[in-house]
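Enquirer: Sequence and computational prediction follow.
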Amino acid sequence: AQTVTQSQPEMSVQEAETVTLSCTYDTSESDYYLFWYKQPPSRQMILVIRQEAYKQQNATENRFSVNFQKAAKSFSLKISDSQLGDAAMYFCASGNTPLVFGKGTRLSVIA
Amino acid sequence: NAGVTQTPKFQVLKTGQSMTLQCAQDMNHEYMSWYRQDPGMGLRLIHYSVGAGITDQGEVPNGYNVSRSTTEDFPLRLLSAAPSQTSVYFCASSYTPDFWETIYFGEGSWLTVV
């Protein structure tokens, strides 16, 4: 069975600073995707970024980037220039059918 | 384009009552699924479907039934509600079950069982 582990239940960051959220996963699949989802207080699930496991280059979407270490099965999310609107729950997920989620990291942004 | 639509958004049930959470998508997606979200637990898969007439169990299927008679609809039935089923329920869909597909989520249904 797949597992996704987020070891940081809560994190905080000063506005404009950089924060990294950790995620490790375990899968027996040879090809897969990894995702980070953002969940604001509205509970809407918003896709932040995704990484194809067979691509060595780390995915980047504006202020969001990942550090994908396939051998270590690690998939961390870096948020640069943090903004107040980044405050949310962040979920790491392993993209096989079905999608498996970690328990989430609650990010607070301090003005 | 409505995307994934869940109804109702909020519901309070008494223990032992039954109800159906509705999920509909208008994107001709093959794959649909139901998750529940509990505090500190992330999202856990209840049931999923890879096409009309095909359903399968996820991680936490007990107490829930599903059916997929059409491509568009994937209702989740609570047979006899229990307080342990108090949760936020999310329906999700993707064009195919393939792992690279983008998954679209509904806005969630808040269920309280008293």
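Expert: Perfect, thanks for sending it.
Enquirer: Around chain B, pick out the residues from chain A.
Expert: Counting by C-beta under 8 Å from any C-beta of the partner chain, chain A comes close to chain B at A:6, A:9, A:29, A:31-33, A:42-45, A:47, A:50, A:52, A:91, A:95-104. All C-beta atoms are positioned from the backbone trio N, CA, C, and that covers glycine.
Enquirer: Now, of these, which are buried?
Expert: Taking 16 or more other C-beta atoms under 10 Å in any protein chain shown as the criterion, what is buried in the residues of chain A next to chain B is A:6, A:32-33, A:45, A:50, A:52, A:91, A:95-104.
Enquirer: mind checking pLDDT for the closest residue in space to residue A:5 that isn't next to it in sequence?
Expert: With C-beta to C-beta, 6 or more residues apart in numbering or on different chains as the criterion, residue A:5 has its nearest non-adjacent residue at 4.9 Å, and that residue is residue A:24. Each residue has a pLDDT score; the one for residue A:24 is 96.
Enquirer: Strands of chain A, residue ranges please.
Expert: A:3-5, A:10-14, A:19-21, A:24-26, A:33-39, A:46-52, A:60-61, A:64-69, A:74-79, A:88-95, A:100-101, A:105-110 (DSSP state E).
Enquirer: Quick check: residues of chain B near chain A?
Expert: So far as C-beta under 8 Å from any C-beta goes, chain B lies against chain A at B:31, B:33, B:35, B:37, B:40-45, B:48, B:50, B:58, B:88, B:90, B:92, B:97-100, B:102-103, B:105, B:107-108.
Enquirer: Restricted to strands, list those residues.
Expert: B:31, B:33, B:35, B:37, B:42-45, B:48, B:50, B:88, B:90, B:92, B:105.
Enquirer: Identify the residue nearest the geometric centre of chain A.
Expert: residue A:36 (3.6 Å; C-alpha atoms, centre = their mean).
Enquirer: er, chain B actually
Expert: Geometric middle of chain B (C-alpha atoms, centre = their mean) lands on residue B:34, at 2.8 Å.
Enquirer: Can you get me a residue count around the closest residue to that one other than its chain neighbours?
Expert: Closest residue to residue B:34 apart from its sequence neighbours, by C-beta to C-beta, 6+ apart: residue B:46 at 4.4 Å. Residues near residue B:46, counting by other C-beta atoms under 10 Å in any protein chain shown, number 24.
Enquirer: Now do the same contact list for residue B:46.
Expert: For residue B:46, the contacting residues are B:33-36, B:58-61, B:64, B:66, B:76, B:89, by C-beta atoms under 8 Å, 6 or more residues apart in numbering or on different chains.
Enquirer: So residue A:49 versus residue A:91, what's the distance?
Expert: Per C-beta to C-beta, to the nearest Å, residue A:49 is found 12 Å from residue A:91.
Enquirer: which residues are common contacts for those two?
Expert: Joint contacts of residue A:49 and residue A:91 (C-beta under 8 Å, 6+ apart) are residue A:36.
Enquirer: number of nearby residues for the nearest residue to residue B:45 once chain neighbours are set aside?
Expert: Excluding the flanking residues, the one nearest residue B:45 by C-beta to C-beta, 6+ apart is residue B:58, at 3.1 Å. The tally of other residues near residue B:58 (other C-beta under 10 Å) stands at 18.
Enquirer: Check residue B:61 too.
Expert: 16.
Enquirer: Same question for residue B:80.
Expert: That count, for residue B:80 with other C-beta under 10 Å as the rule, works out to 10.
Enquirer: okay but it is in contact with residue B:14, surely?
Expert: No. In this structure residue B:80 lies outside contact range of residue B:14 using C-beta atoms under 8 Å: 10.7 Å.
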